[in-house]
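> below is the sequence, then the predicted model.
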Amino acid sequence: MAQQRKRSRTHGAAATARARKVARSGDKRRLAARLIVPREGGKAFGVKKGQVVRIIAIDGPQVCDFNAYNRHDLAEAFWSGGTRGFEGTHLTVGNRLWSNPPRIRPMFTIVTDTLKQR
């Protein structure tokens, strides 16, 4: 895991720059789908490479359980423990969400963060 942490820090500045570029291009994006998931509910949907997922807490402060899988290999999934180890416990713009071993590669990059308090 130490080797992966080093890789994360090395690419951190580049990931942050890419994330900010995507955030600035917001007016050029078009809405592909809008899903409202009720509290204590769940929803599955596909996301293609390059698309942006926006998660908004519309029902007050709450925790969002988030799971993601590689559509071409369901054994590769979002790894919350590894992500916390590589990126820290309080994620923000430029931080990435990593997949589980053996691949251990970025699945998502945070491009905007509107959370007021941590």
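Here it is on my side, so go on. These figures come from a predicted structure and were not determined experimentally. Numbering: from 1, shown residues only.

> okay, and the beta partners of N70?
Beta bridges link N70 to D73 when assigned by DSSP bridges.

> contacting residues around it?
By C-beta atoms under 8 Å, 6 or more residues apart in numbering, the contact set of N70 is 76-77, 99, 107. For glycine as for every other residue, the C-beta is placed from the backbone atoms N, C-alpha and C.

> which of those residues fall within strands?
Among the contacts of N70, the residues falling in strands (DSSP state E) are 76-77, 107.

> select only the buried ones of the residues you listed in PyMOL?
Buried residues among the ones in strands among the contacts of N70 (16 or more other C-beta atoms under 10 Å), as a PyMOL selection:
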select buried, resi 76+107
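
> reformat the ones in strands among the contacts of N70 as a markdown table; add distance to F45 and pLDDT.
Formatted as a markdown table, the ones in strands among the contacts of N70 follow (distance: C-beta to C-beta, whole Å; pLDDT from 0 to 100):
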| residue | distance to F45 | pLDDT |
| --- | --- | --- |
| E76 | 18 | 98 |
| A77 | 15 | 98 |
| M107 | 15 | 96 |
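
> now the ones in strands among the contacts of N70 as TSV including distance to A32?
Output for the ones in strands among the contacts of N70, formatted as TSV (distance: C-beta to C-beta, whole Å):
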residue	distance to A32
E76	23
A77	22
M107	18
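
> where does pLDDT dip in this structure?
1-12, 15, 23, 26-27, 117-118 (pLDDT under 70).

> please redo it, this time with the cut-off set to 90
Per-residue confidence for the chain (pLDDT under 90) gives these ranges: 1-42, 49-66, 111-118.

> what about the strands in it?
Using DSSP E, strands in the chain cover 69-70, 73-77, 96-98, 106-109.

> between the ones in strands among the contacts of N70, which is closest to F86?
When the ones in strands among the contacts of N70 are compared for distance to F86 (C-beta to C-beta), M107 wins out at 12.1 Å.

> how about that closest one, what does it touch?
Each residue near M107 by C-beta under 8 Å, 6+ apart is listed here: 68, 70, 78, 96-99.
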